[in-house]
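>>> Turn this into a structure:
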Amino acid sequence: MRDVLLEGERLDDLQNGYCLIQDPQKFCFGMDAVLLSGFARVRPEEKVLDMCCGTGIIPILLRAKTEGRDFTGLEIQEMCADMARRSVSYNHLEKEIRIVTGDVKEASAIFGRASFDVVTCNPPYMIGQHGLVNPHMPKAIARHEVLCTLEDVVSQAANVLKSKGRFYLVHRPFRLTEILGTLHEHKLEPKRMRLVYPYVDREPNMVLIEALYGGRSRITVEKPLIVYEKPGVYTREILETYGMG
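Numbers count the residues shown, from 1 in each chain. This next block holds a predicted model:
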């Protein structure tokens, strides 16, 4: 069972019947990926692309939660893509999930235009002047716009989505004006938005957005999502998102 792991890696139980291979010295998935998988809506038989898929957490979670028929993860770092492939194999999901090593900026060249019903992305949040750049390159690439920008992600999502296809994004609220403007520029009209707050009396630290390719301008702002009731104690909604409610 453990022979799928390389030195430094671990096998994490996702509590949904599946496991994920991770390396804490590189980058492990966070709550943002779990919340995005809970926010995204995938209908039966739809094809899904997860850009910047890392070690494959979002395709595996979406496979567990939805009735989509085909999931693809696109990841530029081969070491992460390799872990994702081994996780897919370990969970016997080769028929439902494929992992492609490639650059987000070339997504439409890799897959073709109008190839997917749904695109999801948990992209790097920080631009050059925001925060400290992690000296460990895999983590820096995951957190800072080292290899792709918001513009790259949004433009390529628009290219690979079918007409009326849906784009799901998790990001940071401090870039919300830029995010909405970039989505609109590429004909991805925001339809749903939800702010995530660590505590009820704190500022939000994440935003979840659904945008419709070629949709009309109208957005629903959903009720706030609160993560903690008190330090160390998740709210019921977060527990339910993790499958623990």
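
>>> Next secondary structure after the helix-or-strand element of the chain with minimal mean pLDDT?
Across the helices and strands of the chain, mean confidence by mean pLDDT, DSSP states H and E is lowest for helix 137-143: a mean of 49. Remark: after helix 137-143, the chain's next helix or strand is helix 150-160, criterion DSSP states H and E.

>>> Quick one: list the elements packing against that following helix.
Packing partners of helix 150-160 (3 or more Cβ pairs under 8 Å, 6 or more residues apart in numbering; DSSP states H and E): strand 47-51, helix 107-111, strand 116-121, strand 161-171, helix 176-185, strand 188-197. Quick note: C-beta positions are derived from backbone N, CA and C, even for glycine.

>>> what's in contact with it?
With contact meaning Cβ atoms under 8 Å, 6 or more residues apart in numbering, helix 150-160 is reached by 49, 51-52, 104-108, 111-116, 119, 121, 123, 167, 169, 171, 175, 178-179, 182-183, 185-188, 213.

>>> PyMOL command to pick out the buried ones of the residues you listed?
Here is the PyMOL selection string for the buried members of the contacts of helix 150-160, based on 16 or more other Cβ atoms under 10 Å:
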select buried, resi 49+51+52+104+105+107+108+111+115+116+119+121+123+167+169+171+175+179+182+183+186+188+213
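
>>> report the longest helix in the protein, please.
Counting residues, the longest helix in the chain under DSSP state H turns out to be helix 78-90.

>>> What residues of that helix count as buried?
So, applying 16+ other Cβ under 10 Å, buried residues of helix 78-90: Cys80, Ala81, Asp82, Met83, Ala84, Arg85, Arg86, Ser87, Val88, Tyr90.

>>> For Met206, grab phi and psi.
When read as degrees, to the nearest 10, the backbone of Met206 gives phi -140, psi 160.

>>> Please tell me how far it sits from Ser217.
24 Å (Cβ to Cβ, to the nearest Å).

>>> before we move on, what about Leu161?
Leu161 is 17 Å from Ser217, by Cβ to Cβ.

>>> higher neighbour count, those two?
Taking neighbours as other Cβ atoms under 10 Å, Leu161 and Ser217 compare with Leu161 leading, 27 against 8.

>>> so what pLDDT did that one get?
Here, the pLDDT recorded for Leu161 equals 98.

>>> TSV please, covering the helices and strands packed on helix 150-160 and showing distance to Ala64.
Below are these laid out as TSV (distance: least, Cβ to Cβ, whole Å):
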stretch	distance to Ala64
strand 47-51	13
helix 107-111	23
strand 116-121	14
strand 161-171	16
helix 176-185	28
strand 188-197	21
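
>>> After the longest helix of the chain, heading C-terminal, what element do we hit next?
As assigned by DSSP H and E, the chain's next helix or strand after helix 78-90 is strand 97-101.

>>> Now do that following strand: distance to the chain's middle.
Centroid separation between strand 97-101 and its chain, computed with Cα atoms, centre = their mean, to the nearest Å, is 14 Å.

>>> May I have the strands that pair with it, each with its orientation?
strand 70-75 (parallel) (DSSP bridges).

>>> what's in contact with the partner strand?
So strand 70-75 is contacted by 46-54, 56, 58-59, 62-63, 81, 84, 96-102, 104, 107, 110-111, 116 (Cβ under 8 Å, 6+ apart).

>>> quick one, what contacts Ala81?
Cys53, Gly73, Glu75, Ile99, Val100, Thr101.
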